[in-house]
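> quick one, structure for this:
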Amino acid sequence: MKTVNSISGGKTSAYMAVHYPADYEVFALVTIDDKKCTPKDKALVKIVSDKIGKEFIATAESDLTLKAVIDLEQKIGKEIIWLTGRSFEKMIKHKGGGLPNQEWRFCTTEMKMRPIWDWWFKNIGEVVKMGIGFRYDEKERAERLTTSFKGIVGKSKTGNRNKWAELEWREGYFPLIENKVTHYPVKQWADKSGIVFPDDSNCVGCFHKSVQQLRKNFEDEPNKMQWFADQETKARWKKEMGYNKIKKVGLQQDFNFGEGSGCNGGFCTD
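The predicted structure follows:
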């Protein structure tokens, strides 16, 4: 059985890629079309454009995530396959203008899982053993991992419509859980790795994150956080309050920042 590691750009999945390598290392990037959020480093923009095979404008994740994945590739001495689907704006439009939130969580499915599934269907097409960067101190997340996915497998007989099917495509593999690796050794390794990881991983405005983390991200990623606030027109991302109100909340200095996200799909991990 072929093996695939799902890389998120954070410390934990990077640790997994270094210590438990797979046949394929894949990274799904969430993109946005707002040029105000384009990295100032033109060389970085060129590298990412080459990696994803199309023009790169910006990402909803930290730009440090891009650099971390590039540096991780050098460390493991092996290609990391970069994948991306529709931009966040196009996905919102495709979903009828609604935004992902606690009740309707399409973002991980459509912008992380689907690009990887599409790549898997085209290039592998048989059940794989997928390495997921869940640590021993968060092992409950592994219990909710899904092993099937519904995607486009061809065209209808008339050729006018896509043909969809739900396929078993992966078995979950959790090397950090199996080897009882917790946050502490991962952080120790990350601090010595030479890779600069973002303090807060995954999409900077993810609704899974606490109000205080989002407020901190307004300090660190003002353009991207404003992009999230600007999208909030028809539905609220957070139950507690809207993003423009979060921007005005007082910053709690003793808060434990850098929490990542709480998705259980195996593609958004810290």
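
> would you map the helices across the stretch 101-250 of the chain?
In the stretch 101-250 of the chain, the helices defined using DSSP state H, counting those that start in this stretch lie at 107-108, 114-123, 175-178, 183-192, 211-220, 222-231, 243-246.

> how about the contacts made by Arg161?
Lys155 (C-beta atoms under 8 Å, 6 or more residues apart in numbering). Any C-beta I mention is one placed from the backbone N, CA and C, and that applies to glycine too.

> I meant to write Lys11 there.
By C-beta under 8 Å, 6+ apart, the contact list for Lys11 reads Val186, Lys187, Trp189, Ala190, Phe197, Ser201, Asp270.

> can you report how many residues neighbour the residue nearest to it when sequence neighbours are not counted?
In space, and not counting its chain neighbours, Lys11 is closest to Ala190: 4.1 Å by C-beta to C-beta, 6 or more residues apart in numbering. A count of nearby residues for Ala190, using other C-beta atoms under 10 Å, gives 18.

> correct me, but Thr182 touches Arg135?
Yes: in terms of C-beta atoms under 8 Å, Thr182 counts as a neighbour of Arg135; the distance is 5.6 Å.

> more neighbours: which of these two?
Using other C-beta under 10 Å as the criterion, Thr182 and Arg135 rank with Arg135 on top: 24 against 14.

> any idea how far the more buried one is from Gln212?
Separation of Arg135 from Gln212 (C-beta to C-beta, to the nearest Å) stands at 22 Å.

> next one: Ser62
According to C-beta to C-beta, Ser62 stands 17 Å off from Gln212.

> show me which of the two is the more surrounded one.
Using other C-beta under 10 Å, the more surrounded residue of Ser62 and Gln212 is Ser62, with 23 against 17.

> contacting residues for that one?
Pro198, Asp200, Ser201, Val204, Asp220, Glu221.

> tell me which of these is nearest to Tyr15?
Using C-beta to C-beta, the shortest approach to Tyr15 within those belongs to Ser201, at 12.7 Å.

> just give me the neighbour total for the nearest residue to the closest one once chain neighbours are set aside.
Of all residues not flanking Ser201 in the chain, Gly10 sits nearest, at 3.6 Å (C-beta to C-beta, 6+ apart). As a burial measure, Gly10 scores 27 neighbours (other C-beta under 10 Å).
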